[in-house]
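Peer 1: have a look at this prediction, sequence included:
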Amino acid sequence: MSQSIDYGKLMHRAMRSLIQEVLGEVARSGLPGQHHFFITFDTTHPDVNIADWLRDRYPQEMTVVLQHWFDNLDVTDDGFAVTLNFGETPEPLYIPYDSIATFVDPSVEFGLRFETASAADDDEAPEDDDRGTPEPTDEAPIAEDIQPDEPQGDAEVVRLDSFRK
């Protein structure tokens, strides 16, 4: 038996289980009301499966939006698969829960942020952490209904700090 309870690991497991439950319900019944999700994930995670051109364009992080058009949402115990439309090009993606950095539903001001092991080990976390901010940058691009070479200037910026009390 270990010397202490790893609350961080337990909390991450619970939060990932919440994401699985929410996405599972969406896969069964569709998105209710105005709900939609910004999901930022680590494209370097070994189990992420995305097209080569997406991996080349987003070599570290990518933010996808589940809102107006998505197809083939398949939720498993380890992650989810979904087809998203990039311009006129539907692309299948597989995103394991372990690769998710943030999960945000701005319609109800709900957000989850997963600390990385290196960030959790630092005594002082940086105040401006791009992993917690799904916004259109090179580190966290928005990907939904866009042309591969089109600028993303009309994306909504969601800051997780606004959800904290």
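Peer 2: Yes, it's here.
Peer 1: so which elements touch the longest helix along the chain?
Peer 2: With secondary structure taken from DSSP state H, the chain has its longest helix at helix 7-29. Applying 3 or more CB pairs under 8 Å, 6 or more residues apart in numbering; DSSP states H and E, we find helix 7-29 packed against strand 70-75, strand 79-86, strand 100-105, strand 110-113. Every C-beta, even on glycine, is put in place using the N, C-alpha and C of the backbone.
Peer 1: next structured bit after the second one?
Peer 2: Think strand 79-86. strand 89-96 (DSSP states H and E).
Peer 1: and the angle from that following strand to strand 70-75?
Peer 2: Compare the direction of strand 89-96 with that of strand 70-75 by axes from the mean of the first three to the mean of the last three CA atoms, to 10 degrees and you get 20 degrees.
Peer 1: can you list contacts of strand 89-96?
Peer 2: 39, 41, 45, 47-51, 54, 64, 71-72, 78-85, 148 (CB atoms under 8 Å, 6 or more residues apart in numbering).
Peer 1: ditto for stretch 71-80
Peer 2: Outside stretch 71-80, the residues touching it (CB under 8 Å, 6+ apart) are 20, 23-24, 26-27, 47, 66, 81-83, 90, 92, 94-99.
Peer 1: just the CA coordinates of it, formatted as CSV?
Peer 2: Provided in CSV are the C-alpha atoms of stretch 71-80 (Å, rounded to 0.1, in the frame of the first residue of the first chain):
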residue,chain,number,x,y,z
ASP,A,71,-20.5,12.6,-37.3
ASN,A,72,-19.7,9.0,-36.1
LEU,A,73,-19.2,10.0,-32.5
ASP,A,74,-18.1,6.7,-30.8
VAL,A,75,-17.3,6.8,-27.1
THR,A,76,-15.2,4.1,-25.5
ASP,A,77,-13.6,3.5,-22.1
ASP,A,78,-10.3,4.9,-23.3
GLY,A,79,-11.3,7.8,-25.6
PHE,A,80,-13.6,8.8,-28.4
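Peer 1: for the protein, give me the ranges with low pLDDT.
Peer 2: Residues of the chain that meet the criterion pLDDT under 70 lie in 1-2, 116-165.
Peer 1: quick one: Gln3 is in a helix?
Peer 2: No - counting by DSSP: H, G, I helix; E, B strand; the rest coil, Gln3 is not found in a helix; it is coil.
Peer 1: thanks again, I'm all set now.
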